[in-house]
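Enquirer: when you get a sec, could you give me coordinates for this:
(one chain, ligands or ions: 1)
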Amino acid sequence: MAGGRLGPSSGNDGRRPGFTYRGVLAEDEALEETVDEPTETDAHDLIVIGATGGALSVAVDAQRAGLANVRVLASGAVAFPSLVTERQLDVGYGEDVQSIDVDGDLLVVTTSKATYRTRACLAANRMPRPDAVAPIPVAMTTPDGAGRVHVNELPGDLHGQDVLVVGSSDHAVELTSTLTDAGNRVVLAGGDIRPALLSPAGDTILRRIERERQATILYRSMPDQVGEVKGFPMAFFGDRRTPDLQFDHVVFASSRRAPSPESIGVTDAARAHGGMWFFGADDEAEGVQLAPGWDIWNQLAAEVFPEAAPLQSVPPATRRRRHVGAIDELRAEHYNATITRFEPSHSDLWVLRVKPDNGDVSHDPGQYASLGLGYWEDRIDDAEDIGLEDKWDKLVRRSYSISSPMFDEAGYLADSLDATELEFYIVLVQPTPDNVPGLTPRLALKRPGDRIYLGPKVAGRYTTAPVTSPDDALVFLSTGTGEAPHNAMVVEMLRKGHVGPIVSAVTVRQWVDLGYRDKHELLAQRYPNYHYVPLPTREADVPKRYIQDLISGGDLEQFGVELNPTGTHVFLCGNPAMIGIPEEVDGELTFPETTGVVELLVDRGFVVDSRTQPGNIHFEEYW
Ligand SMILES: Cc1cc2nc3c(=O)[nH]c(=O)nc-3n(C[C@H](O)[C@H](O)[C@H](O)COP(=O)(O)OP(=O)(O)OC[C@H]3O[C@@H](n4cnc5c(N)ncnc54)[C@H](O)[C@@H]3O)c2cc1C
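Expert: So this is what the prediction gives:
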């Protein structure tokens, strides 16, 4: 939906065909009254023409912003009558607009029943497109059957019927609401209905229908054809989610178009008046400023009602998040695993386990898998994802090294071959001016039992495969959660009976940032060749030492590691600055400005392991 101001320079020359608005739904006879002569009323702030979801939304917003005299002119039926009552909107029923002109500073709106002087007028009525057809093949073979399929219009007397509404716009919500109010059993097949593109009123009503279970809403399903079975329409969905369903009636809600200025008698003077606005101007309307429908009030207020209290609009993405049914469907569609364990080491650092629904979890220690959550999931922080609207129903996926519980339930070394679930060690990434993290702020809100996406394949050549001698010294150096793959590799080497020294060092800020500390200490007690070197850099009573200091300070020798390239493998994981991978420029290796471990090791004759050249420096960068 789009809104736009039609001013003198809009270039709209009335090319759009005129029409007579009869309303999509049957007019409420009881509310109709006949007035012979139009009566003049006091000046209004805003006249809203039409009673669609979009029109009602603007009227509600205008009242919330403090406008005292707002009137909605409904020539046809009102889209959401309950909203009119709740919000005490002033609605002129059965008022056909005949002309809009200017008198002094004010617009003059003349209807079949009255004349209004107003500061602003918003033409927000929407017209069914005369050429609208069902967007999918419809094969009804009998006249009676054909009479059960409708485009935009409802037979007036539907009650107690099974009705399928097909569509994803405000119009579909309006039809669904009208049908449920009339006591029908309704299924709304919304395809990928995007609540963000509904008007705020349409969005509110859709959520209410969902919450009160007034209708079944299929957020992700749309029939691909309708056929006749025993005289009644049968909707064939052609997807695995939705069975084929039979109905008494099927109604297609197609998109509608904005009214042309001519159809409501807008004079040139009125068009030149800054207060004459058109809502949902269609894409043929050259020169009309298009803007998202949900924010139309704020745009109108900025230009016409500067004194009005600014309104906090609910952004589309937030509105979409409220649709529980849509989220349930997306989760069911995308997630294939369950979080079986979620242990916070502290609020921002977690050890979690994930069990896939199907398939095994075999992997080589050191490899990584991918985890994903939908952009539709809530975040723990209040950062806004860039471009969320376009990717709201997509997954954000990231790679995670597979860690290890280190011990099994009996207290023996864990065996990755016995695993039925994967363990991960993950830290929450905070938003910065340059980056809005996608996954970890969503993961932060998850708990055991919650569903998640686990990539079907594990990958990576960061493993212990290059270690061929049981006497080699193995040095695992990491920052933060970079110890995850090392935990799995250390356990594997100890299980294999590795006899050479094994050192695992990790830098963190504080002791609490060591999620596996007790396990490492237990391991070091049990295996004399295993040495754990935690390096908290922000603890008052611990001298600040970085991983690089272990190499340059000769600290590893106390563990029997001489850092001799022929008998040592060094594994580096985590922060790329600690690793310090050189770039090759014209055959020369250029190291980063800040000295990383690779530079220190290359100086000692170590070689970076690669696909083309075996070496004894192995690394995994996390970013
Ligand atoms: C092969 C591989 C394995 C990985 N394994 C792990 C793992 O076991 N545990 C883990 O927590 N992360 C791991 N990561 C990082 C992980 O993939 C995500 O980048 C991270 O969780 C942030 O995701 P995000 O969507 O929240 O933030 P993003 O938008 O992806 O933010 C990326 C930024 O977050 C920061 N960042 C990323 N990872 C970390 C981290 N671990 N610690 C501190 N800052 C970080 C960096 O500044 C980076 O530029 C791994 C990455 C790779 C490539």
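Enquirer: now name the helix or strand holding the nearest residue to Arg545 once chain neighbours are set aside.
Expert: Excluding the flanking residues, the one nearest Arg545 by Cβ to Cβ, 6 or more residues apart in numbering is Leu535, at 5.3 Å. (C-beta placed from N, C-alpha, C; glycine too.) Using DSSP states H and E, Leu535 maps to strand 530-536.
Enquirer: for the ligand, what's the nearest residue on the stretch 201-350 of the chain?
Expert: Proximity of the stretch 201-350 of the chain to the ligand (Cβ to the nearest ligand atom) peaks at Leu349, 8.4 Å away.
Enquirer: contacts only, for Thr118.
Expert: Each residue near Thr118 by Cβ atoms under 8 Å, 6 or more residues apart in numbering is listed here: Ala43, His44, Asp45, Leu46, Ile47, Asn69, Leu106, Leu107, Val108, Val109, Gly275.
Enquirer: with just CA atoms, put the helix or strand encompassing it into CSV.
Expert: Take DSSP H and E as the rule and Thr118 turns out to sit in strand 114-123. Extracted C-alpha coordinates of strand 114-123, given in CSV (Å, rounded to 0.1, in the frame of the first residue of the first chain):
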residue,chain,number,x,y,z
ALA,A,114,-23.6,17.5,3.7
THR,A,115,-20.9,20.1,3.0
TYR,A,116,-17.7,20.1,5.0
ARG,A,117,-15.1,22.8,5.3
THR,A,118,-11.8,21.2,6.3
ARG,A,119,-8.1,21.9,6.6
ALA,A,120,-7.3,18.6,4.9
CYS,A,121,-8.9,15.8,3.0
LEU,A,122,-7.5,12.4,2.4
ALA,A,123,-9.0,10.3,-0.4
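Enquirer: mean confidence score for that strand?
Expert: Mean pLDDT, strand 114-123: 94.
Enquirer: for the residue positioned nearest the centre of the chain, give its distance to the ligand.
Expert: With distances taken as Cα atoms, centre = their mean, Trp392 lies nearest the centre of the chain, 2.3 Å away. Distance of Trp392 to the ligand, given as Cβ to the nearest ligand atom, to the nearest Å: 16 Å.
Enquirer: where does the residue nearest to that residue when sequence neighbours are not counted land on pLDDT?
Expert: If the residues on either side of it in the chain are set aside, Trp392 comes closest to Tyr375, at 5.2 Å by Cβ to Cβ, 6+ apart. pLDDT for Tyr375: 94.
Enquirer: so what's Tyr375 up against?
Expert: Tyr375 sits next to Asp385, Leu388, Lys391, Trp392, Asp393, Lys394, Leu395, Val396, Gly438 when contact means Cβ under 8 Å, 6+ apart.
Enquirer: got any ranges where the stretch 1-150 of the chain has weak pLDDT?
Expert: Counting by pLDDT under 70, the stretch 1-150 of the chain shows low-confidence ranges at 1-41.
Enquirer: before we move on, the earlier item: surely the residue of the stretch 201-350 of the chain closest to the ligand and Val429 touch.
Expert: No - taking contacts as Cβ atoms under 8 Å, Leu349 lies outside contact range of Val429: 11.2 Å.
Enquirer: so where do the helices sit in the stretch 151-300 of the chain?
Expert: Assigned by DSSP state H, counting those that start in this stretch, the stretch 151-300 of the chain shows helices spanning 170-181, 200-211, 268-272, 296-304.
Enquirer: quickly compare these and say which is most buried.
Expert: Compared across the helices of the stretch 151-300 of the chain, helix 170-181 shows the largest average neighbour count, a mean of 25 (mean count of other Cβ atoms under 10 Å).
Enquirer: which strands and helices sit next to that one?
Expert: helix 53-64, strand 162-166, strand 185-189, helix 200-211, strand 215-218 (3 or more Cβ pairs under 8 Å, 6 or more residues apart in numbering; DSSP states H and E).
Enquirer: mind running it again at 6 Å?
Expert: When contacts are defined as 3 or more Cβ pairs under 6 Å, 6 or more residues apart in numbering; DSSP states H and E, helix 170-181 sits against strand 162-166, strand 185-189, helix 200-211.
Enquirer: show me the one of these that comes nearest Val324.
Expert: Evaluated with Cβ to Cβ, these place helix 200-211 nearest to Val324, the distance being 6.6 Å.
Enquirer: with only the CA atoms kept, save the closest one in PDB.
Expert: Extracted in PDB, the C-alpha atoms of helix 200-211 (Å, rounded to 0.1, in the frame of the first residue of the first chain):
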ATOM      1  CA  PRO A 200      -2.300  -0.700  11.000                       C
ATOM      2  CA  ALA A 201      -6.100  -1.300  11.300                       C
ATOM      3  CA  GLY A 202      -5.800  -4.400   9.000                       C
ATOM      4  CA  ASP A 203      -2.900  -5.600  11.100                       C
ATOM      5  CA  THR A 204      -4.800  -5.100  14.300                       C
ATOM      6  CA  ILE A 205      -7.900  -7.000  13.000                       C
ATOM      7  CA  LEU A 206      -5.800  -9.800  11.600                       C
ATOM      8  CA  ARG A 207      -4.100 -10.300  15.000                       C
ATOM      9  CA  ARG A 208      -7.500 -10.200  16.700                       C
ATOM     10  CA  ILE A 209      -8.900 -12.800  14.300                       C
ATOM     11  CA  GLU A 210      -5.900 -15.000  15.000                       C
ATOM     12  CA  ARG A 211      -5.900 -14.500  18.800                       C
END
